Structures are given as structure tokens and as C-alpha cells.
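[1] Need coordinates for the below:
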Amino acid sequence: MNKKYKFKAIKIILILGFISSIYQCSSNKNPVTDEKVLIETNPIKRSEEYIKKGGGILDFSTDKKNTTTYDFATSNALWRATLKSLDFMPLANADYSGGIIIYDWYSEDLNSKEQIKITVRFLSNELRSDSLQVVAHKKICNEDNLKCKTIKLSDQIPSEIKDKILSNARTIKIEEEKNKKKIN
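    Down below sits the predicted model:
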């Protein structure tokens, strides 16, 4: 076959394939079941339908029958109290959904050979002493900071930190209650 005809044949096949794909995309049929699919054009209604089917994270509906509640970090007094209590320490990682805050190594002195690291695990959203676990580690380095030894601190320091967090959480909770009464 002549090169000229091969080129034209390829062009025609590509054009037909393009037209076919546009037609298939514009047809509102499910490619698997070949059933007609109606697509809602209003994004809010579409998201509400998606939520009713069990998907999505936002609920735009005004109907109060839905009892799903979402706890975010801003509404959790323990989480906020922890951030407030340990705000002097550098934050390494915070994962609200995983329930953990990890602080980076900290020392008060620039040339200090000793540093501490604190990890706070949230076991519950309730304001109780068993709702969080505080773990503290201490790193002690030699003169040239080449050799370091890391040890887990006794329960006294983590217990003091936990008490401070719980005290701040109670204060935050009391302030929230006062603000709710002012609004109502």
C-alpha cells in the first residue's frame, strides 16, 4: 500500500476513535452494566446523595435526623490543652485521627548535653486521667555530641505533664461552658 494511503487510513481511524470516545463519554450509561445513569448537576444535591449511600465526609443536609458527629481537634479539650501545655516544645508530628502528638527533642540551653522528648497518646476524648498517656525520653550526649544515650524517664515527669494537661483541659472546658451559657 502506498504511504499516502496508509497515512490517510491512520488519520481516519484516529478520528473515528476520537469521535467514538466522545460519544461514549457523553452517553450516560454505566460501562459495566450498560444501565442509564442520571447525573445530578447540582453539586450539593450530588454530595447529599453520595452521603446517603455511605460516602463522603461532609453533610450539607439541614435535616437533623442524621446523628453522625465529627470530633475535630478544635472541639477536643484534651488535644487543645496538650498543645497549650507544651507550646514551648518544638512539634515533630501531630496526628489527630491517630490520637498522638510527638514533640521533638528539646533543651533549655543551646549547648546542653541533655534533651527531652515527649509523646502524648490520646486513648479517649473524655476528660479523665486515663484518657491520655504521656511518655518522656531523655537524651544525654557526650562533650562532642557524637555519642548519645537515650533513656525513658521515670513516671514522675510524665505524671506531672499529664496533670498539667488535665488541669488546662478542665479550664478550657469550663470556659467553653461559660461561653455556651452566654450564647443561650
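[2] which residues of the protein fall in helices?
    In the chain, the helices defined using DSSP state H lie at 3-26, 43-52, 77-85, 156-183.
[3] Could you dump these into TSV with mean neighbour count, distance to I116 and mean pLDDT added?
    C-beta here means a position set from N, CA and C on the backbone, and glycine is covered the same way. Listed next are those as TSV, based on neighbours: other CB atoms under 10 Å; distance: least, CB to CB, whole Å; pLDDT from 0 to 100:
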stretch	mean neighbour count	distance to I116	mean pLDDT
helix 3-26	10	59	73
helix 43-52	14	45	72
helix 77-85	21	14	92
helix 156-183	14	8	90
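[4] Kindly reformat those as JSON lines containing distance to S97.
    Listed next are the helices of the chain as JSON lines, based on distance: least, CB to CB, whole Å:
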{"stretch": "helix 3-26", "distance to S97": "36"}
{"stretch": "helix 43-52", "distance to S97": "19"}
{"stretch": "helix 77-85", "distance to S97": "11"}
{"stretch": "helix 156-183", "distance to S97": "19"}
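[5] what about those, which gets the closest to K149?
    K149 sits nearest to helix 156-183 of all the helices of the chain, at 17.1 Å, using CB to CB.
[6] name the helices or strands packed onto the closest one?
    If you count contacts as 3 or more CB pairs under 8 Å, 6 or more residues apart in numbering; DSSP states H and E, helix 156-183 packs onto helix 77-85, strand 114-122, strand 132-141.
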